[in-house]
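Student: below are the sequence and a predicted model for it; my questions follow.
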Amino acid sequence: MELIEIREHLDRLDTALLYILAERMTFIPKVAKYKDENNLERYQPEREKEIIEAKRELAQKLGVNPDLAQKIFETIIEDAHRIEKKIMGN
């Protein structure tokens, strides 16, 4: 396989990742609305800890650096907080 083909494949995977991330982010307002309507706390550290631990374990099984997976999901969660805060106001 030539370098240009490898890069094209990587570009397609990067694009797919962004589409998946965009789809995931469409659920954040729904989560915020649910939390707001059901008087749930916006910040739920136990849930975040569960997510991070599960993603680290999966990354390890898949041969992906768990620290990288953790950083990615911490960033995603941080942005979810930003969106929820706009919706819930706290």
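Tutor: Nice, I can see it.
Student: report the central residue of this protein.
Tutor: The residue lying closest to the centre of the chain (C-alpha atoms, centre = their mean) is residue 76, at 3.9 Å.
Student: look up phi and psi at it.
Tutor: In terms of degrees, to the nearest 10, the main-chain angles of residue 76 are phi -60, psi -50.
Student: OK, contacts around it?
Tutor: Counting by C-beta atoms under 8 Å, 6 or more residues apart in numbering, residue 76 makes contact with 21, 24. The way it works is simple: take the backbone N, C-alpha and C, and place the C-beta from them, glycine included.
Student: show me the contacts for residue 53.
Tutor: Residues near residue 53 by C-beta under 8 Å, 6+ apart: none.
Student: and the gap between it and residue 27?
Tutor: 21 Å (C-beta to C-beta, to the nearest Å).
Student: and residue 56, by the same measure?
Tutor: 22 Å.
Student: and if you look at residue 66?
Tutor: 24 Å.
Student: likewise residue 44?
Tutor: Counting by C-beta to C-beta, the gap from residue 44 to residue 27 is 15 Å.
Student: cool, and residue 82?
Tutor: 15 Å.
Student: got it, and residue 46?
Tutor: Applying C-beta to C-beta to residue 46 and residue 27 gives a distance of 19 Å.
Student: the two: who's more crowded?
Tutor: The neighbour comparison of residue 46 against residue 27 (other C-beta atoms under 10 Å) goes to residue 27, with 10 against 7.
Student: so where's the chain shaky on pLDDT?
Tutor: Judged by pLDDT under 70, the chain has no weakly predicted residues.
Student: and the helices in the protein?
Tutor: Ranges of helices within the chain are 3-25, 28-37, 45-62, 66-88, based on DSSP state H.
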